[in-house]
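Visitor: Next come a sequence and a model predicted from it.
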Amino acid sequence: MRSDQIKRGVERAPNRSLLYALGLIEEEMDRPIIGVVSSYNEIVPGHMNLDKISEAVKAGVREAGGIPIEFPAIAVCDGIAMGHIGMKYSLVTRDLIADSTEAMAMAHQFDGLVLIPNCDKNVPGLLMAAARVNIPSIIVSGGPMLAGRLKDGRRTCLSHMFEAVGAYKAGTLDEKGVQDYEENACPSCGSCSGMYTANSMNCLAEVIGMALPGNGTIPAPYSARIRLAKKAGMQVMELVRRNLRPRDIMTAAAFHNAETVDMALGCSTNTMLHLPAIAHEAGVSMTLDNANAISAVTPNLCHLAPAGDTFMEDLDQAGGVRAVMAELTKKDLLDTSVMTCTGKTLAENLVGAKILDEELIRPIDRPYSATGGIAVLKGNLAPDGCVVKQSAVDPKMLAHTGPARVFNSEEEAIAAIYDRQINPGDVVVIRYEGPKGGPGMREMLNPTSAIVGMGLGDSVALITDGRFSGATRGASIGHISPEAASGGPIALVEEGDQIAIDIPAGSIRLLVDEDTLAARRAAWVCPEPKIKTGYLARYAKLVSSADKGAILE
């Protein structure tokens with residue numbers, strides 16, 4: 001056993017003495033030690049139930065003959081961090097989570113890991129750690145939040161809550177209406193109820209093969225989530241017995257499967273940051289160039305919030321991720337020979353899976369669209385690419401040309417939107433918010449929600465070198481690469497320049513001649529860093545561009 005490094009031989013008597021100090025007994029020294037990495041805390045609604053998940057995991061580990069030992073991982077609630085300096089600290093935690101988990105796993109020589117995340121950066125951060133450390137590991141998340149219900153009976157969610165603020169600013173909703181959303185949008189523990197980033201990544205963890213079936217969709221308050229956690233605790237012992245490791249599971253074929261299901265589900269654009277970062281840790285090359293080729297042959301089968309009015313609990317009742325995968329196999333879009341954490345192939349896991357609601361999960365011959373939920377655009381404004389959740393774009397905005405309204409921060413942009421300075425047809429440009437320039441690549445849910453809430457969702461586009469919440473909808477194009485702080489073309493845009501966006505054609509162009517751009521480039525001076533001390537300053541020096549997954553180099 002790997003843990004023999006800390007418990008075998010006379011030379012390890014000092015190590016054993018400290019294990020005895022933990023309350024272990026002599027009979028336990030022959031058992032595998034399993035690290036239980038819990039992201040439980042009392043500030044993130046998606047994590048407030050993880051103490052129960054970790055207890056269930058530990059019960060499963062003990063039942064199967066292992067010694068579970070829990071240690072923590074941090075977590076940020078993107079919704080609470082939204083709209084202020086706190087959002088600069090969201091994406092950057094992904095690497096802190098991966099690094100700290102690596103440190104604990106290597107320092108204490110665990111035989112296996114059960115990783116318990118739930119929200120946006122914890123899932124990819126813990127998957128990155130699993131791939132890097134490469135000891136038998138399994139993920140079990142805390143599960144999605146239930147949908148809310150307003151006083152008039154309408155179902156709601158966090159994205160509606162943000163849009164309600166825009167409606168209030170536009171004068172179409174009063175304070176009582178805002179309060180109705182405020183008190184009812186988030187009714188339970190769990191990751192927010194739409195196909196936002198957290199739920200996207202929890203579903204894709206299942207697709208990659210690192211989580212048991214049901215991980216992506218079983219609601220957080222359901223007892224089935226506790227049962228899943230117990231099974232995960234038991235299953236990690238089987239993985240240890242077989243020495244089945246993350247890199248045996250997270251192969252190039254598994255990542256191709258994940259991106260295919262991503263397109264079918266209509267996942268968050270943040271998956272285009274996280275999947276390449278996880279793949280990088282697993283030794284697999286994955287670039288934005290893959291996305292459009294996969295999207296071209298993968299139909300979009302689901303329109304969950306924010307693209308539609310259905311939620312994760314509905315997807316679960318309709319057959320879950322397994323049903324979506326089973327439908328995709330009808331056109332041989334998945335490699336079902338891949339190994340998974342169940343110890344079985346994907347093909348074996350999908351036996352008996354079927355759609356139970358053909359409106360929530362469309363049959364493959366009657367999709368919402370013939371192409372996938374995410375598109376990558378390129379052009380002289382984004383030579384290295386940018387991303388948009390095309391399944392959540394109003395059809396009127398799939399192709400749009402308009403004048404640039406240029407802002408050098410999110411705060412400047414949101415102030416202009418609320419002050420009604422943005423007009424139908426405009427293209428809002430928010431720059432110096434990328435991985436380096438932010439630093440930390442903030443999500444732009446406040447301005448995008450304000451645009452929709454103020455009735456401009458079918459007439460205004462927004463582009464940024466920052467990123468978007470999975471709750472964003474509309475013609476919102478993020479991850480512009482290279483970013484402004486690296487001298488990318490977005491830094492050269494001036495007020496009133498015409499910008500042409502053609503999502504079906506995969507194109508985004510600044511309609512300014514090359515001589516003019518060359519003159520602007522020669523005059524451009526990189527602004528002083530916004531943050532000069534602490535972790536964010538170190539992060540800015542090491543982080544790569546968004547098209548590479550914003551990995552640390």
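Guide: Yes, it's here.

Visitor: Do you know the pLDDT at the most centrally placed residue in the chain?
Guide: The structure's the chain has its C-alpha centroid closest to residue 197; by CA atoms, centre = their mean the separation is 3.5 Å. pLDDT, residue 197: 96.

Visitor: List the buried residues for the strand or helix carrying residue 402?
Guide: Assigned by DSSP states H and E, residue 402 belongs to strand 399-407. Within strand 399-407, the residues that qualify as buried are 400, 402, 404-407, counting by 16 or more other CB atoms under 10 Å. From N, CA and C alone the C-beta is placed, and that goes for glycine too.

Visitor: wait, the residue nearest to the centre of the chain sits on residue 78?
Guide: Yes. Assessed by CB atoms under 8 Å, residue 197 is found in contact with residue 78 at 7.5 Å.

Visitor: Name the residues contacting each of these two.
Guide: Residues touching both residue 197 and residue 78 by CB atoms under 8 Å, 6 or more residues apart in numbering: 120, 469.

Visitor: what stretches of the protein score poorly on pLDDT?
Guide: Applying pLDDT under 70 to the chain flags no residue at all.

Visitor: how does it look with 90?
Guide: For the chain, the stretches with pLDDT under 90 are 83, 287-290, 444-446, 469-472, 553.

Visitor: secondary structure element for the closest residue to residue 226 other than its chain neighbours?
Guide: Nearest non-adjacent residue to residue 226, counting by CB to CB, 6 or more residues apart in numbering: residue 56, 4.7 Å away. Assessed by DSSP H and E, residue 56 sits inside helix 50-63.

Visitor: Buried residues in that helix, which are they?
Guide: For helix 50-63, the neighbour count (16+ other CB under 10 Å) marks 50-62 as buried.

Visitor: other SSEs contacting the longest helix that the chain contains?
Guide: Looking across the chain with DSSP state H, the single longest helix is helix 223-242. The elements that helix 223-242 packs onto, with contact taken as 3 or more CB pairs under 8 Å, 6 or more residues apart in numbering; DSSP states H and E, are strand 33-38, helix 50-63, strand 112-116, strand 137-139.

Visitor: Redo those as a markdown table? Include distance to residue 96.
Guide: Output for the helices and strands packed on helix 223-242, formatted as a markdown table (distance: least, CB to CB, whole Å):
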| stretch | distance to residue 96 |
| --- | --- |
| strand 33-38 | 13 |
| helix 50-63 | 18 |
| strand 112-116 | 15 |
| strand 137-139 | 18 |
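
Visitor: These: which one's closest to residue 418?
Guide: For residue 418, the closest of the helices and strands packed on helix 223-242 is helix 50-63, at 36.0 Å, according to CB to CB.

Visitor: Can you tell me which helices and strands the helix or strand just after the strand holding residue 402 packs against?
Guide: Later in the chain than strand 399-407, the nearest helix or strand by DSSP H and E is helix 410-418. Identification of packing neighbours for helix 410-418 by 3+ CB pairs under 8 Å, 6+ apart yields strand 399-407, strand 427-430, helix 445-453.

Visitor: again, 7 Å this time
Guide: Packing partners of helix 410-418 (3 or more CB pairs under 7 Å, 6 or more residues apart in numbering; DSSP states H and E): strand 427-430, helix 445-453.
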